[in-house]
Structures are given as C-alpha cells and as structure tokens.
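Undergrad: next comes the sequence, and after it the predicted model I'd like to discuss.
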Amino acid sequence: MAKHPLRVTIRLIETSDVHGAFFPYDYIEHRPMKGTMARVSSYIKKQRQEFHENLILLENGDILQGQPTCYYTNFMKTDAPNVAAEVINYLKYDAQTFGNHDVETGHAVYDKWISELKCPVLGANIIDAKTNKPYCPPYIILERNGIRIAILGMLTPAIPNWLHENLWSGLRFEEMISCAKKWVKVLKEQEHADVIVGLFHSGWDGGIVTDQYDEDVVKTLAEQMNDFDVIFYGHDHTPRNVTLNNGVLCLDPSCNAINVAQATLTIEYQGKGWKVIKKEGELVDITNEPIDKAYVRHFQSQMDSIKAFVEQKIGDFVSPIRSRDAFFGSAPFTDYIHKLQLEMTDADISFNAPLTFNSEIKAGPVYMGDMFKLYRFENQIYTLRMTGEEIRKHLELSYDQWVNTMKSADDHIMLLENQSQNDQQRMGFKNLTFNFDSAAGIDYEVDVTKPNGEKVRILQFSDGRPFDEKAWYKVAMNSYRGNGGGELLTRGAEIPLDSIPSRIIYMSERDQRYYLTQKIKREGKVEAKAFNNWKFVPEAWTRPALKRDRQIIFKE
C-alpha cells in the first residue's frame with residue numbers, strides 16, 4: 001500500500017437527445033449543422049488523449065429519430081447496420097439508454113439497433129412483461145484503476161401516454177424512484193460499487209403526472225437519493241448543471257449535439273475503500289469544435305446515400321408555407337395536413353398542431369428533405385370517436401396553453417415566457433408548441449378575453465351542419481395525440497387514458513409523412529391554402545396584439 005492515499009481522476013461525458021445530428025449537414029434545413037456528432041468526435045478524441053481509459057462516454061437516448069438520416073436507416077435501408085449504432089460504435093461509447101423517441105420506432109427498429117451496438121443499452125425500469133425482469137441490462141459496472149463505477153439506466157415511464165402498445169408490446173415501464181431505490185441497493189450490497197452514476201432519459205420536473213408515475217422526475221429523485229454521485233439526464237431539452245444540497249451533481253446537455261455534459265470526479269482511496277472527494281460539472285459547447293475529418297471519411301458512403309434520398313423531387317408548391325403562421329391563426333402549413341387527415345379518414349373534424357417551430361417550404365420544387373419540415377415525426381393517422389363537448393374541451397386546453405387571457409388591448413395575446421434558446425419547440429412561448437392543436441371541419445372563435453376553459457365557441461361545421469355538444473363525431477389526429485400525448489384528450493377532453501384505445505376506430509398503416517409525400521406526388525403542383533375557419537376575437541384587440549407578438553417572437 002502506498003504511503004499516501006491514492007487519487008484518481010475520472011471524466012464522464014454524456015450526450016443526450018441527439019435526434020439524428022450525426023453528420024455536419026442538416027438535411028432538413030439544407031445548411032451546415034450547428035451541433036453534430038462529427039464535432040463531438042473531435043472533442044472526445046482530445047479527451048481520450050488526456051484521460052485515456054479514465055474517460056467514460058455515455059449516451060442518453062432519443063438518438064433514433066429527428067433527421068432524414070434516421071428515417072432512411074430505420075425504415076428504408078434496413079439491410080444495413082443502423083447509422084445510430086455505427087456512430088456509437090465509432091466513438092466507443094461505454095453505455096447507452098433508451099429515449100421515448102427510440103421506443104417510437106417500434107420493436108423491429110430498436111431491437112435491431114440494440115443487437116448492432118457494441119455497448120449495452122441500459123433500462124432498469126423497462127420490464128419484459130413475460131419474465132418480469134428488465135428487457136435490457138439495468139446497469140453496467142465499469143472498472144477503472146480498481147474503482148467500481150456503476151451506471152444505472154432508466155427511461156421515463158410515460159411511454160403509454162404517447163405511444164400505442166404495438167410499439168412496445170410485451171413491455172411495461174416502472175416508476176423511476178422506486179426502481180432506482182431497488183437497484184441502488186443491489187449496486188451497493190452485491191456489486192460493491194464505489195461510484196454510482198444515473199443515466200436517465202427523464203426531465204428535471206413537470207411533464208405528465210399520474211397516480212402511478214411522473215414523466216420528469218430527476219429533481220425529486222436526486223433530492224431523495226444522495227446515493228448518486230452524478231445523475232446525467234435529458235428528455236426536456238433544457239441545459240442544466242446543478243449540484244443539490246445533498247451533493248448530487250445533475251447534468252443535462254440539452255439536445256442536437258450542441259453541448260456535452262461533463263463530470264470530473266476526483267476519487268481517493270481512504271483505507272477502507274474509494275471515496276469521491278471532489279466533483280465538478282460542466283456543459284461544454286461543442287459548436288466551436290472542428291469537424292472530425294476522419295469521422296466524415298468513415299461515414300462518407302452513408303452521407304452520400306442520405307443526400308441522394310433527400311434530393312428526390314416529389315412536386316412543386318405554388319406558394320411558400322411556413323409553420324410560424326400557424327401560431328397566429330388558420331394557416332396553409334397546418335391546414336394542408338388537416339386536409340390530408342380529413343381526406344384519408346372521412347372524419348368530421350381534424351386536430352393538428354405545427355410540429356416544427358419555424359420551418360418554411362419555399363415556392364417551387366419540393367424535395368424529400370422538405371417533407372421533414374412539413375412533418376417532423378413518424379406519427380400515424382388515427383380517428384377517434386369523441387362527443388362535441390369533448391372536442392370543445394380538447395381545444396380549450398390547447399388554446400389555454402397557447403394564448404394569454406387579455407385584460408386590456410395592450411396585453412400579449414400569446415402566452416409567453418423566457419425559455420432556453422436550445423429548445424426549438426418553445427423559443428419564447430411558455431408551453432410546447434407541438435401541443436397547440438387547431439381544428440378543421442368546424443368554424444369557431446377563440447375569445448382571448450375569456451378565462452381559461454371558456455375561450456372556444458364552436459359555431460357550426462364548415463359545411464353548414466349544426467354542431468351538437470351531445471352528439472358523437474369522428475375526429476382525425478396524429479397517433480401521438482391519439483394515444484394521449486400532450487394530455488389534450490385526458491386533461492382537456494377528460495377522457496380516461498385507459499379508455500382511449502376503445503375510442504380508436506382507424507389507424508393508418510404508414511406514417512403521416514408517407515401519406516403527405518404521396519399526396520404531393522399525386523397533385524404535382526400544390527396550392528396549399530388556409531381554410532380560415534377559425535380566428536382570435538375580439539379582433540379590435542387581437543389583430544394589433546398578434547402583430548406585436550409576432551414581432552417579438554419572430555422579429556417580423
């Protein structure tokens with residue numbers, strides 16, 4: 001034994017919510033990628049030169065969805081290894097967790113991805129319903145200089161609130177805090193872990209709250225469990241570096257490979273064992289790192305395939321359409337999707353929200369890459385049975401999250417709040433904009449002077465039929481919403497989550513983007529128009545307020 005205590009420095013680095021930002025080029029926006037794993041690669045190589053085997057690299061999920069790269073490798077080029085697995089293998093990650101968007105790809109995609117990874121996918125609370133054991137390894141023990149470092153992985157259990165069971169068949173998702181307590185006991189008593197690290201795809205706080213679990217639980221879990229030396233997390237796309245009063249270091253790098261989260265631990269041998277005597281957290285901006293040229297060369301063939309895929313012309317647009325217009329009234333961007341949903345389902349009413357914050361498809365040729373602006377995620381189309389009252393209450397909650405209650409003509413009309421500029425689904429709004437559902441098929445007004453729950457007045461169906469709150473109607477929407485995502489059906493329409501499946505009368509075979517692509521191909525020259533079936537009132541207040549808030553949010 002040495003005369004002086006042994007000291008070892010371990011550096012742990014996490015990426016989370018990468019959403020397909022693998023390559024230097026953004027295939028959706030047709031511009032260089034601000035954050036990219038090609039820059040992360042450069043940073044990691046430098047860190048390995050300094051820390052060697054004492055560098056631990058962790059990936060925290062939501063890696064299989066977000067760019068055309070993901071769609072192509074998940075669903076089209078399925079005879080080749082998944083690019084997400086190849087990236088993780090190239091960078092030599094030590095462990096990976098599931099994100100909710102990874103589950104959304106379905107068993108065929110994520111089971112193949114797991115099999116191709118050279119590191120384990122951890123999921124202590126993802127349970128095989130047949131065996132009642134974790135579907136994936138719950139943890140991994142990494143030994144560095146004789147120090148036993150445990151990485152415990154978990155996923156937010158709110159999956160059933162968003163995704164149909166056919167995507168996660170045979171699985172269930174345990175509440176995170178009780179699951180963590182169970183496995184931490186194992187890590188201490190059986191594995192004799194010297195350091196315990198959490199790798200959790202769950203946000204800080206808020207989100208969906210049920211009697212069984214919370215969606216975003218990291219803050220509460222960390223406060224209750226000082227067993228963790230570090231908790232790396234994600235899901236909420238909000239950068240955070242905080243050490244709680246009980247000493248737990250919590251780190252979230254945000255999304256899209258813009259940052260990495262980094263924890264540096266000084267660990268000392270004190271006779272009876274190892275002890276963490278110092279910990280430092282940092283969020284490292286990756287956007288100024290150089291592109292790793294060796295990484296680019298390694299993935300050149302995949303990049304060429306993606307380029308050919310996104311550059312396929314599918315039609316022409318007569319006029320430009322922009323997602324930003326949908327926040328201020330009936331807009332061609334959202335109404336073109338409404339039109340598809342009504343045509344495909346023969347529904348009475350369509351619900352739809354903009355899934356991108358500020359995307360534009362210009363007039364002229366439309367390419368396959370543009371379809372990821374028009375429809376960002378691989379949602380199916382659903383039709384549900386709903387009463388007229390439920391339809392109105394669904395819209396009430398949507399607009400309560402979307403617009404302010406104006407007390408004077410000078411008030412904001414949008415419900416604004418300063419938000420992280422890294423979260424591309426808020427950018428000034430208080431709430432997530434992909435939950436701002438409008439409706440088509442009915443004519444209605446949104447009175448922004450009325451209190452929450454009383455803003456929406458449905459006048460009639462757009463074809464002149466009377467609207468009856470007691471009658472039953474067919475309502476088209478995407479599968480995220482149709483499974484309870486955003487809680488507009490549950491908290492808004494007050495439909496119990498467990499009764500939603502009995503309301504579903506239609507589910508499309510393919511994803512929404514596929515059907516939009518086919519529609520544009522059929523039409524050839526597309527003239528997307530706003531239905532103008534709803535508006536904000538009283539217009540003497542709302543018209544100038546909309547102009548003011550549009551300038552604040554979009555600088556127009």
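TA: Here it is on my side, so go on. These figures come from a predicted structure and were not determined experimentally.
Undergrad: wait, a strand at residue 458?
TA: Yes: secondary structure of residue 458 (DSSP: H, G, I helix; E, B strand; the rest coil): part of a strand.
Undergrad: run through the residues that contact it.
TA: Counting by C-beta atoms under 8 Å, 6 or more residues apart in numbering, residue 458 touches 388, 391-392, 395, 442-444, 467. No exception for glycine: its C-beta is placed from N, CA and C like everyone else's.
Undergrad: change it to 6 Å
TA: Contacts for residue 458 were tallied using C-beta atoms under 6 Å, 6 or more residues apart in numbering; they are 392, 442, 444, 467.
Undergrad: neighbour-wise, which of the residues you listed leads?
TA: residue 442 (24 neighbours; other C-beta atoms under 10 Å).
Undergrad: secondary structure, pLDDT and distance to residue 331 added to the contacts of residue 458, as a markdown table?
TA: Below are the contacts of residue 458 laid out as a markdown table (DSSP: H, G, I helix; E, B strand; the rest coil; pLDDT from 0 to 100; distance: C-beta to C-beta, whole Å):
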| residue | secondary structure | pLDDT | distance to residue 331 |
| --- | --- | --- | --- |
| 392 | helix | 98 | 21 |
| 442 | strand | 98 | 16 |
| 444 | strand | 98 | 15 |
| 467 | coil | 98 | 22 |
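Undergrad: which of those residues sits closest to residue 492?
TA: Closest approach to residue 492 among the contacts of residue 458 (C-beta to C-beta): residue 392, at 9.4 Å.
Undergrad: mind listing what that closest one touches?
TA: With contacts defined as C-beta under 6 Å, 6+ apart, the neighbours of residue 392 are 456, 458.
Undergrad: what's the spacing between it and residue 439?
TA: Residue 392 sits at a distance of 10 Å from residue 439 (criterion: C-beta to C-beta, to the nearest Å).
Undergrad: okay, now residue 147: neighbour count?
TA: Residue 147: 20 neighbours (other C-beta under 10 Å).
Undergrad: do residue 247 as well
TA: Residue 247 has 12 nearby residues by other C-beta under 10 Å.
Undergrad: and for residue 235?
TA: Counted with other C-beta under 10 Å, residue 235 comes out at 27.
Undergrad: so it makes contact with residue 203?
TA: Yes: the criterion here is C-beta atoms under 6 Å, and residue 235 meets it with residue 203 at 4.5 Å.
Undergrad: phi, psi of residue 514?
TA: Residue 514 adopts backbone torsions of phi -60, psi -50, taken as degrees, to the nearest 10.
Undergrad: residue 434 versus that one, what's the distance?
TA: Residue 514 sits 19 Å away from residue 434 when distances are taken as C-beta to C-beta.
Undergrad: who's more crowded, those two?
TA: Shown here are residue 514 and residue 434; by other C-beta under 10 Å, residue 434 has more neighbours (20 against 17).
Undergrad: residue 518 sits in which helix or strand?
TA: helix 512-523 (DSSP states H and E).
Undergrad: for that helix, packing partners?
TA: Under the contact definition 3 or more C-beta pairs under 6 Å, 6 or more residues apart in numbering; DSSP states H and E, helix 512-523 sits against strand 313-317.
Undergrad: got the angle for the strand it packs on vs helix 512-523?
TA: 70 degrees (axes from the mean of the first three to the mean of the last three C-alpha atoms, to 10 degrees).
Undergrad: next helix or strand past strand 313-317?
TA: By DSSP H and E, the next helix or strand past strand 313-317 is strand 321-322.
Undergrad: what ranges do the strands span in the stretch 401-550 of the chain?
TA: Assigned by DSSP state E, counting those that start in this stretch, the stretch 401-550 of the chain shows strands spanning 438-440, 442-447, 456-461, 472-478, 504-507, 525-526, 534-537.
Undergrad: how about the ones you listed in a markdown table, adding distance to residue 273?
TA: Output for the strands of the stretch 401-550 of the chain, formatted as a markdown table (distance: least, C-beta to C-beta, whole Å):
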| stretch | distance to residue 273 |
| --- | --- |
| strand 438-440 | 60 |
| strand 442-447 | 62 |
| strand 456-461 | 62 |
| strand 472-478 | 52 |
| strand 504-507 | 55 |
| strand 525-526 | 67 |
| strand 534-537 | 64 |
